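Visitor: let me see the structure of the following:
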Amino acid sequence: MKRLRTISTRRLIAVVVGLVVLVAGAGIAQAALGGNGTVPPPRSLPTAIHEAVTAPAVPGVSARISFTNKLIPSGAAAGDAATPLLSGASGRLWWAADGRFRMELQSDMGDAEITSDGSTVTVFDVRSNTVYRAKLPAQSDKTTHIDPGAPTVAQIRAALAHLAQTWNVTGPQGVNVAGQPSYSVRIAPKGDGGLLGAATLAWDAANGIPLRAAVYAEGQSDPVLELKATDVSFGKVSDGDLTATPPSDAKVVDLTPASGKPRHLGALHHPDRAVRGVTAVQAQLLFRLEAPATLAGLPRRDVWLAQPGGSPAAFVTYGQGIGGILVVETASGNSMGALGAGAGGSSGNGGGHDGMGGLSLPEVNVDGATGTELATALGTLVTFERGGVEHLVVGSIPPQAAETAARELTR
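Guide: Now for the predicted structure:
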């Protein structure tokens, strides 16, 4: 196997965010694909989904793939930061029915490899000769599990009706992906979708295996993120195709939370369990909480406290839906770890470089404080430090709106 080339720690975080947006959007959506070759017969969406979830299991999948990533501006991912995970690539994918997989991405910018044995995800960046590892959440300790079975067509129809209250769902359209008759579905927000235009998913009609997923920015006809199979075969995959051995001298970075215990993030994942409200949250902080009633024209919606990495952090949300804004505030010097707040680092950044692990980010003036800004096709992130407090402002909003929100926090 061809050796790969590299990415860096915070760049990995950017990649993970990009992949989470791609997978999350693809998991509920579909798009109008074109393509030559045989297409499946017309089906209603509930019937097409039911046929997919009840299709006979396949022992494995081998595919050639194409990965497109136009999320990060080309100028920000230049030089050492330009890797296939940020700039796009082609490669191969092997997946086994037990959940193990291996993905190779190869490009002129370098190679990268992502593998999982079912309990750990490993990313090897060849250029930097660095291995990034993170343990997957442990499965339930319960020894018994009741399989509810596949949903019925009626249950799927009811779920789609609920989804249609806030999303436009179109399809399925019969298409051909990687030579396989497939169904494609598209989903788009009905209300304020921020910069998100739509997401699409296409699956093999015979066995329900996803073959294409894509995310589109508002007003754009070409996807910002896309992962698709260009050639695919179904059958048992050898253990050799599912494993990879990085060189012994590779640097290893463990991205698993230090304690291995999810309680620090419990309030982040489950805000209903958190200390909430301006007064209650302020009582838990050693710094002044900035949570104005409105921000960039959006009303304050919620305030709660969480402890990513064990350090108290205030979370404040404004507006509703995808077009809302999230503000995170924590004492300077405390890591926001799992939130990726290390994407910033406002002072001493020397021209905004390394604001995202090698990405070259522009600086912004936040009422006298120097911050950094990562503007993507799907959203903007601004970070700055002021008065001993680190601020992160993020949302599926244009740069101007994010900068306005950041400045209003300090007034």
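Visitor: please identify the helix or strand for residue 281.
Guide: helix 278-282 (DSSP states H and E).
Visitor: now the element after the one helix or strand in the chain whose mean pLDDT sits lowest, going C-ward?
Guide: Every helix and strand of the chain was ranked by mean pLDDT, DSSP states H and E. The lowest is helix 9-27, at a mean of 41. Heading C-terminal from helix 9-27, the first helix or strand you meet, by DSSP H and E, is helix 45-53.
Visitor: any buried residues in that following helix, and which?
Guide: In terms of neighbour count (16 or more other C-beta atoms under 10 Å), helix 45-53 has its buried residues at 45, 46, 48, 49, 50, 51, 52. C-beta here means a position set from N, CA and C on the backbone, and glycine is covered the same way.
Visitor: swap in stretch 116-135?
Guide: 116, 121-132, 134.
Visitor: residue 39: which of those residues is nearest?
Guide: Nearest to residue 39, judged by C-beta to C-beta, of the buried residues of stretch 116-135 is residue 116 at 32.5 Å.
Visitor: wait, isn't that closest one in contact with residue 134?
Guide: No. Applying C-beta atoms under 8 Å as the test, residue 116 and residue 134 come out as separate, 9.8 Å apart.
Visitor: pLDDT weak spots in the protein?
Guide: For the chain, the stretches with pLDDT under 70 are 1-36, 74-82, 138-148, 257-274, 308-310, 334-360.
Visitor: helices of this protein, start to end?
Guide: For the chain, the helices identified by DSSP state H occupy 9-27, 45-53, 84-87, 153-163, 239-242, 263-269, 278-282, 399-409, in order along the chain.
Visitor: distance check, residue 124 against residue 109.
Guide: Residue 124 is 15 Å from residue 109, where distance means C-beta to C-beta, to the nearest Å.
Visitor: do residue 200 as well
Guide: 26 Å.
Visitor: so which of the two has more stuff around it?
Guide: A direct count of neighbours by other C-beta atoms under 10 Å for residue 200 and residue 109 places residue 200 higher, at 26 against 22.
Visitor: so that one makes contact with residue 185?
Guide: Yes. Counting by C-beta under 8 Å, residue 200 touches residue 185, with 6.8 Å between them.
Visitor: against residue 137, how distant is residue 282?
Guide: Here the criterion is C-beta to C-beta. By it, residue 282 lies 32 Å from residue 137.
Visitor: residue contacts, the nearest residue to residue 249 once chain neighbours are set aside?
Guide: The shortest distance from residue 249 to any residue other than its chain neighbours is 6.9 Å, reached at residue 129 (C-beta to C-beta, 6 or more residues apart in numbering). Contact analysis of residue 129 by C-beta atoms under 8 Å, 6 or more residues apart in numbering lists 6, 246, 247, 249, 250, 251.
Visitor: next step: those residues restricted to strands.
Guide: residue 251 (DSSP state E).
Visitor: any idea which of the contacts of residue 129 is closest to residue 379?
Guide: residue 6 (26.0 Å).
Visitor: who are the contact partners of residue 291?
Guide: Counting by C-beta under 8 Å, 6+ apart, residue 291 has contacts 278, 281, 300, 303, 314, 316, 327.
Visitor: repeat the analysis, applying 7 Å as the threshold.
Guide: 278, 300, 303, 316 (C-beta atoms under 7 Å, 6 or more residues apart in numbering).
Visitor: hmm, residue 323 is touching residue 193, no?
Guide: Yes. Applying C-beta atoms under 7 Å, one finds residue 323 in contact with residue 193, separated by 6.4 Å.
Visitor: which helices and strands does the helix holding residue 281 pack with?
Guide: When contacts are defined as 3 or more C-beta pairs under 7 Å, 6 or more residues apart in numbering; DSSP states H and E, helix 278-282 packs onto strand 298-306.
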